[in-house]
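In: sharing a sequence plus its predicted fold:
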Amino acid sequence: MSEDTKDTKAACPSEQILASRRNFLGKAGLAAAGVAAASTFPAPAVLAQTGPIKWRLQTYSGAPLGAHVIKPQIEAFNKAANGEMVIELYYADQLVPTADLFRALQSGALDAVQSDEATMASPVDIAVFGGYFPFATRYSLDVPALFQYYGLKEIWQEAYSEVENVTWLSTGAWDPLHIFTTNKAIRSLADMQGLRVFGVPTAGKFLSRYGLVPVTIPWDNVEVALQTGELDGVAWCGFTEAYEVGWADVCKYALNNSVTGAWFGSYFANTPSWNKVPPHLQELFKITIDQSHYYRDVWYWGGEAKLRVEGKKMELTQLSNEDWATVLKDSESFWDEIAASSPRAGKVVAAFKQYADTMQKAGYPYR
């Protein structure tokens, strides 16, 4: 048996994935070098399109979750594009690590990305609002309402207009944020002390003031890390995802208190790739994004309520009114801290405050 064969057989799944990434990025680098070399020669007067436009799109989500949050959209687009364009869908960490999504998108190694800004390390001053921003929302409809009527669409467009080679396309709502734990129930803020949880950056930063320890590992490794004790829980999603991806089979407890009602997730495109797509296919892609937003809203809204009431895999726990009042009060100073980080962040927080005030005054069914 050759040494190469031995190495291949001995490689663990994570090493095989890393090898695949290195191969992909290496090819991307060679392709870029080839383009640079070719640019020194005169280009032909006409470049014929010899086949369909092909895109690589990677999502933040693993395959079980991706089957709901993006796969139906990509399948619908590919079918409706009628052979003119094909999008290849990749799940969390398949081509590049999730933390490198933005850089891969900007370089053109990826043509499009579905993620939140905080998770993909987007270098904009509004990145902190991507994902779960404490108490910014209560319901999934709050997200599109904020973008359509309270100026967030224009703020996002402005922020990304300052970033080279990245085009922001759309933001939609995902599920609320809950904390699920394996062996220790959370019944008070003190119970969070020292718990190592997989989660999104902004919510993790806020919850760390109560002793929670945010841990970042590849998405596909989370379930095993929960089983081995490397993680004590997850602060990444709501009940629907926890049941769908198998975390509810490992976790024993679910904290019913939610620090926010919906995750902010966005679609981004590499600008040169986007500009090569004809207008009718650009419009089709945006239409299927809206279809995806609608699908998720219904899937999460119905699933969250059903699983909280009928789900049997985890015991529900609740913080006391006193502890919850502390969390609500702490979120005010957190908002002010983020608002002071940049003028544009201040505009977002101001929109959140105006929206919350309007919803409160509107009353039922808004609040």
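Out: Yes, it's here. Numbers count the residues shown, from 1 in each chain.

In: where does pLDDT dip in the stretch 201-350 of the chain?
Out: Within the stretch 201-350 of the chain, no stretch has pLDDT under 70.

In: which residue ranges of it form helices?
Out: 201-207, 222-228, 239-245, 271-275, 279-310, 321-339, 343-362 (DSSP state H, counting those that start in this stretch).

In: adding distance to residue 251, write the ones you listed out as TSV.
Out: Quick note: C-beta positions are derived from backbone N, CA and C, even for glycine. Shown next, in TSV, are the helices of the stretch 201-350 of the chain (distance: least, CB to CB, whole Å):
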stretch	distance to residue 251
helix 201-207	16
helix 222-228	7
helix 239-245	7
helix 271-275	39
helix 279-310	13
helix 321-339	21
helix 343-362	30
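
In: quick one: which of these is nearest residue 162?
Out: Residue 162 sits nearest to helix 343-362 of all the helices of the stretch 201-350 of the chain, at 9.8 Å, using CB to CB.

In: off-centre distance for that closest one?
Out: The chain centre lies 23 Å from the centre of helix 343-362; the measure is CA atoms, centre = their mean, to the nearest Å.

In: stretch 67-87 now?
Out: Relative to the chain's own centre, stretch 67-87 is displaced by 19 Å; criterion: CA atoms, centre = their mean.

In: who touches that stretch?
Out: Stretch 67-87 is contacted by residues 52-57, 59, 61, 89, 111-112, 114, 174, 244, 265, 277-278, 281, 284-285, 288-289, 291-292, 295-296, 299 when judged by CB atoms under 8 Å, 6 or more residues apart in numbering.

In: then stretch 279-286?
Out: 53, 77, 80, 81, 84, 85, 169, 170, 274, 277.

In: can you pull out the strands in the stretch 1-150 of the chain?
Out: Taking DSSP state E, counting those that start in this stretch, the strands of the stretch 1-150 of the chain run over residues 53-59, 85-90, 112-115.

In: how about those strands in a markdown table, adding distance to residue 208, mean neighbour count and mean pLDDT?
Out: Output for those, formatted as a markdown table (distance: least, CB to CB, whole Å; neighbours: other CB atoms under 10 Å; pLDDT from 0 to 100):
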| stretch | distance to residue 208 | mean neighbour count | mean pLDDT |
| --- | --- | --- | --- |
| strand 53-59 | 26 | 21 | 98 |
| strand 85-90 | 31 | 18 | 98 |
| strand 112-115 | 22 | 25 | 98 |
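
In: dump those strands into a markdown table; add distance to residue 154 as well.
Out: Below are the strands of the stretch 1-150 of the chain laid out as a markdown table (distance: least, CB to CB, whole Å):
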| stretch | distance to residue 154 |
| --- | --- |
| strand 53-59 | 25 |
| strand 85-90 | 28 |
| strand 112-115 | 21 |
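
In: next up, the contacts around the closest residue in space to residue 334 that isn't next to it in sequence.
Out: For residue 334, ignoring the flanking residues on the chain, the nearest one in space by CB to CB, 6 or more residues apart in numbering is residue 206 at 5.5 Å. Going by CB under 8 Å, 6+ apart, residue 206 touches 134, 259, 330, 331, 334.

In: filter these to the buried ones?
Out: Neighbour counting over the contacts of residue 206 (16 or more other CB atoms under 10 Å) leaves 134, 259, 330, 331, 334 as the buried ones.

In: count of neighbours near the closest residue to residue 301 other than its chain neighbours?
Out: Distance criterion CB to CB, 6+ apart; nearest residue to residue 301, sequence neighbours excluded, is residue 140 at 6.0 Å. For residue 140, the neighbour count with other CB atoms under 10 Å is 23.

In: export the contacts of residue 206 to CSV and tack on distance to residue 226?
Out: Formatted as CSV, those follow (distance: CB to CB, whole Å):
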residue, distance to residue 226
134, 24
259, 21
330, 27
331, 27
334, 27
